[in-house]
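# the sequence and its predicted three-dimensional model are supplied below.
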Amino acid sequence: MNSRRDFLRSAAAGTAGFAITQVFRPSFSTRAADSRIEILLNEPIGTIAPEIYSHFVEHLGGVVYDGIWVGENSKIPNVGGLRKALVEALAKTKPGAIRWPGGCFADQYDWRDGTGPRARRPKRTNFWVDAPEWPKQARRDGPQVYDTNEFGTVEFARFCKLSGGQPYFAANLRSLPAQEFWRWVEYCNAPAGTATAAAQRAADGERDPLGVRFWGVGNESWGCGGNFEPEDYAIEYRRYSAWVPGYGRQLSLVGSGPNGGNLEWTRGFFKKAAPGGVLSRMWGWALHHYSWNVSNGRTSDWFQAKGDGLKFDTEKYYELLLHSNQMEKLVTDHWAVMAESDPRHRVKLVVDEWGAWHAPGTEPFPEALLGQANTMRDAVLAGLSLDIFNRHADKVAMANVAQLVNCLQSLFFAHEDKFCVTPTYHVFDMYAAHQGGKSLRTQFTAPDVPYASKGTSAKLPGLAGSASVNGKQLTLTVTNPSIDQARECEIVVRDAAVQSASALTLAASDVHAHNSFETPQAVQPTAQTVQAGSGAVTYTFAPASVTKLTITLA
Ligand code: AHR
């Protein structure tokens, strides 16, 4: 630790190391450089899986119908019924995988309902029909409540193909037998001209196998997916995962992992599953963690503890970020418990659902159940979370932000002919450069952000981030969570010379800033000029900002 600090000091004095000098000077007042970031080029952590930049699409409110699927005969520009603007904007961010059809919806979904001629598909009552969060003004007779099944497996697979994400199916373990799981795999992956299911797929418009690799075996099996005990779920998992044919595709099966910090769920499952060899049939273990409690210790009630997506004070701003920042401990804690039964870590972590979950009231339109505003606070949360996943690239194989459009921490709002991207979208766009890069160990030194939480003092890191290298290109992403302090920072790349650097910053003068149909570009990243040199090294990170520095190594 000390030698790194000494090195930084000598680097700043111009005797060693290389640095980046930011030319741009922001208008807000800054402190003298009180922060440092050291990037250790020779200390790789692992490759950043593109699947860390994955998404989640559930038949919930306005996610599928209106959000993604507008229908082939719609006046809204579409590609085979899929909203064109969304497909194109999503493709730009290089999505890793896209998880569908749920969520809780998955464990009541019959995949066969979404096959055959669209006009003849059955209408089914949606899982979310009785959710207490439905806005009073919402129409309750549309596809958000009585699913027309127009958007089925083939439509979803096309959506994936067009946007560039790999399909990730969540299979129904609560209310369909195991046979239906492998029949769905057969429908997707069996070669043309073989099984009846493959013929059905061809009749639905896809002659060639879809080659689906990722399959979730249930969802939240401790809750809406069946209220199982971990040991009982292990028995179910064994049955569902046994002898599933892959049709030449190595299937990557994902087990329904814990709710946040429930280590006993992880321990119970792994203990039961390991001796029977079941873990050899598991690629990923899915953790779900939402950030929702902004009550500052006053309550842990699921409804009472949430806050408004738009109206929040400084305390609630920090409380939400603090809740999201627990992710790091969740990753390392579950990883350690998994090692008790799987010491060689053949099973990786999948953060199947993550994001902010605010109280109802800021839906982009009434049918968008669980839709919520997305401000700069949410963008900072996204930056903090993605950086955690990058820093744990050796453990986290996939992460799916919840959910893609019109719901929870969305990248998009879309309703009828209106469409816009959110600040979270911009974070994904900026961070895409990390995909496939080698995650590097970094050392951040910055004064913590202190604030009072639950009657005691809490703190967030002054600066947080991650770095990766791909050939000569080094990407450093940094979040400054402080609501009012800019951070002037020295940045040093150890063991390499810097040729040039550029910066892209997402920030606003007010953390409540957000995009809407009326003001779609209120929040967007701005390019900043950066000079690379071996002299003084500073970059000023604006308050409540997310920044990407792209550094070309000599
Ligand atoms: O994303 C909304 C819901 O949150 C999902 O359906 C469920 O898996 C989780 O509880």
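Thanks, I have it. Numbering: from 1, shown residues only.
# mind listing what G226 touches?
107, 173-174, 218, 233, 236 (CB atoms under 8 Å, 6 or more residues apart in numbering). In short, each C-beta sits where N, CA and C put it, glycine included.
# for V87, same thing?
79, 159, 162-163.
# can I get the CA coordinates of stretch 477-497 in CSV?
Extracted C-alpha coordinates of stretch 477-497, given in CSV (Å, rounded to 0.1, in the frame of the first residue of the first chain):
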residue,chain,number,x,y,z
THR,A,477,-14.9,4.7,-15.6
VAL,A,478,-15.4,6.8,-12.4
THR,A,479,-18.4,7.8,-10.4
ASN,A,480,-18.4,10.7,-8.0
PRO,A,481,-21.3,10.1,-5.7
SER,A,482,-21.0,13.4,-3.8
ILE,A,483,-24.0,15.5,-4.3
ASP,A,484,-22.1,18.8,-4.1
GLN,A,485,-18.4,18.2,-4.1
ALA,A,486,-16.3,18.1,-7.3
ARG,A,487,-13.2,16.0,-6.9
GLU,A,488,-9.9,17.0,-8.4
CYS,A,489,-8.0,13.9,-9.0
GLU,A,490,-4.6,12.6,-10.0
ILE,A,491,-4.6,9.6,-12.4
VAL,A,492,-1.6,7.4,-12.9
VAL,A,493,-1.1,4.4,-15.2
ARG,A,494,1.5,2.2,-13.8
ASP,A,495,3.9,0.4,-16.1
ALA,A,496,2.9,2.2,-19.3
ALA,A,497,3.2,5.5,-21.1
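# pick out the residue of the stretch 301-450 of the chain closest to the ligand.
Distances between the stretch 301-450 of the chain and the ligand by CB to the nearest ligand atom are smallest at A402, namely 4.4 Å.
# which non-adjacent residue is nearest the residue most central in space within the chain?
Central residue of the chain (CA atoms, centre = their mean): V401, 2.6 Å from the mean position. Spatial nearest neighbour of V401, excluding adjacent residues (CB to CB, 6 or more residues apart in numbering): G355 at 5.2 Å.
# okay, now that neighbour: neighbour count?
The tally of other residues near G355 (other CB atoms under 10 Å) stands at 25.
# quick check, pLDDT for it.
In the prediction, the pLDDT value recorded for G355 is 98.
# ok, it touching Q409?
Yes. In terms of CB atoms under 8 Å, G355 counts as a neighbour of Q409; the distance is 3.0 Å.
# residues shared between the contacts of these two?
378, 381-382, 401-403.
# the one residue in the chain that gets nearest to the ligand: neighbour count?
In the chain, the residue that lies nearest the ligand is G103 (2.6 Å; CB to the nearest ligand atom). G103 has 28 neighbouring residues, counting by other CB under 10 Å.
# give me the phi and psi angles of P230.
phi -60, psi -40 (degrees, to the nearest 10).
# doesn't H55 make contact with K94?
No. Using CB under 8 Å, K94 makes no contact with H55, being 11.3 Å away.
# ok, those two, which is more surrounded?
Between K94 and H55, counted using other CB under 10 Å, the more crowded position is H55 (26 against 18).
# and that one, that's in a helix?
No. If the criterion is DSSP: H, G, I helix; E, B strand; the rest coil, then H55 is strand and not within a helix.
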